[in-house]
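**Student:** Give me a 3D structure for the following:
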Amino acid sequence: MSVNVFPIRAFDDNYIWCLANQSHCVVVDPGDEVPVLAYIEQNQLVLSAILITHHHWDHTDGIDALINAFPDIPVFGPNNPKIKQVTTSLSEGDKLSLPNIDCDFSVLEVPGHTLDHIAYYGEVGLFCGDTLFSAGCGRLFEGSPLQMHSSIKKLGALPKDTLVYCTHEYTLANIAFAEAVEPNNQALIDYKQWAIEQRNRDRPTLPSTIGRELSLNPFLRCSNKELILNVKQQMGTASKSESDIFASLRSWKDNF
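**Tutor:** Reported below is the predicted structural model:
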């Protein structure tokens, strides 16, 4: 595949993912236009589209300036009037073609973090905004635990070699919580050492993969016996259903 995916850093821990070939690029969730415009100029690229996963400001505040710099480009995003710049609203099952970079995506509705949240899945990978993080998941600002659990399971069912492009560098903090939940998970122990080395070198821990996340992300492991036992001991959860375990796990993380 001739498309490269590069993380443009923004704010304290955001990644604005840039999909680029030799001439054109597409950016995902541009909360800040300044580093995007700098990257585009440095690499002599033409911005041909913007993809949005949800309405939060740190994913959308750079849209206007990018449209001003590259007039008439399409802005794809969820069906939410809060994102006024969206030119094409997308919902579950929609197909998206980006001919200038030769990429195609399917759209997945993944409510939980917000009610409007969507993700983009294609050969190049999964762009999941703030739904799935490495070793974690997004906070529930608008959706219910049941919605988020369903969304996380939907993403976890994708092929294991799928690259996962989340939009925040939360990995080490997520690992610290995951260790409390499942301290004997060898995959997690190994991953922690790798992640520490990456951050010490000022390198991203992303993208991850679905397979990696299935092995160590507690929010994808709500049927694991050790995890269930530890969640019940910590939170007093009586039910054995995965959804209830997920809800207790998310509540535990919120106060960790």
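**Student:** All the strands of the stretch 1-150 of the chain, residue numbers only.
**Tutor:** Using DSSP state E, counting those that start in this stretch, the strands found in the stretch 1-150 of the chain span residues 4-10, 14-20, 24-28, 46-51, 75-78, 88-90, 95-98, 103-109, 118-122, 125-129, 132-133, 136-137.
**Student:** Which residue, neighbours along the chain excluded, lies closest to residue 8?
**Tutor:** Once flanking residues are discounted, residue 8 sits nearest to residue 16: 4.2 Å by CB to CB, 6 or more residues apart in numbering. Where C-beta positions appear, they are placed from N, C-alpha and C, glycine not excepted.
**Student:** The one you found reaches residue 36, doesn't it?
**Tutor:** Yes. Assessed by CB atoms under 8 Å, residue 16 is found in contact with residue 36 at 5.9 Å.
**Student:** and for these two, which residues touch both?
**Tutor:** Listed contacts common to residue 16 and residue 36 are 8, 27, 30, 62; contacts here mean CB atoms under 8 Å, 6 or more residues apart in numbering.
**Student:** and which of those is nearest to residue 230?
**Tutor:** residue 8 (37.5 Å; CB to CB).
**Student:** if we can go back for a sec, going by distance to residue 179, which of the shared contacts of residue 16 and residue 36 wins?
**Tutor:** Residue 179 has its nearest neighbour among the shared contacts of residue 16 and residue 36 in residue 8, at 30.1 Å by CB to CB.
**Student:** Was I right to think the closest one contacts residue 35?
**Tutor:** Yes. Between residue 8 and residue 35 there is a contact at 5.0 Å, judged by CB under 8 Å.
**Student:** Identify the contacts common to those two.
**Tutor:** Contact with both residue 8 and residue 35 is made by residues residue 16, according to CB under 8 Å, 6+ apart.
**Student:** quick one, which of those two is more surrounded?
**Tutor:** residue 8 (21 against 18; other CB atoms under 10 Å).
**Student:** check contacts around the more buried one.
**Tutor:** 15-18, 27, 35-36, 39.
**Student:** Which parts of the lengthiest helix in the chain count as buried, going by neighbours?
**Tutor:** Using DSSP state H, we find that the single longest helix of the chain is helix 186-200. Residues 188, 191-192, 195, 198 are the ones in helix 186-200 that count as buried (16 or more other CB atoms under 10 Å).
**Student:** Give me the residue ranges of the chain where confidence is low.
**Tutor:** 1 (pLDDT under 70).
**Student:** Touching, residue 156 and residue 211? I think so.
**Tutor:** No. The criterion here is CB under 8 Å, and residue 156 misses it with residue 211 at 9.9 Å.
**Student:** These two - which one has more neighbours?
**Tutor:** Legend: neighbour count by other CB under 10 Å for residue 156 and residue 211, higher for residue 156 (17 against 14).
**Student:** Look up how far residue 229 lies from the more buried one.
**Tutor:** 21 Å (CB to CB, to the nearest Å).
**Student:** ok, now residue 201?
**Tutor:** Applying CB to CB to residue 201 and residue 229 gives a distance of 36 Å.
**Student:** between these two, which one's more packed in?
**Tutor:** residue 229 (11 against 7).
**Student:** what about the more buried one, helix or strand, and which?
**Tutor:** Secondary-structure element containing residue 229, defined by DSSP states H and E: helix 225-235.
**Student:** so what secondary structure elements neighbour the following helix or strand past that helix?
**Tutor:** For helix 225-235, the following helix or strand on the C-terminal side (DSSP H and E) is helix 242-254. When contacts are defined as 3 or more CB pairs under 8 Å, 6 or more residues apart in numbering; DSSP states H and E, helix 242-254 packs onto helix 145-156, helix 171-181, helix 225-235.
**Student:** can I get those helices in a markdown table with distance to residue 80?
**Tutor:** Below are these laid out as a markdown table (distance: least, CB to CB, whole Å):
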| stretch | distance to residue 80 |
| --- | --- |
| helix 145-156 | 16 |
| helix 171-181 | 27 |
| helix 225-235 | 33 |
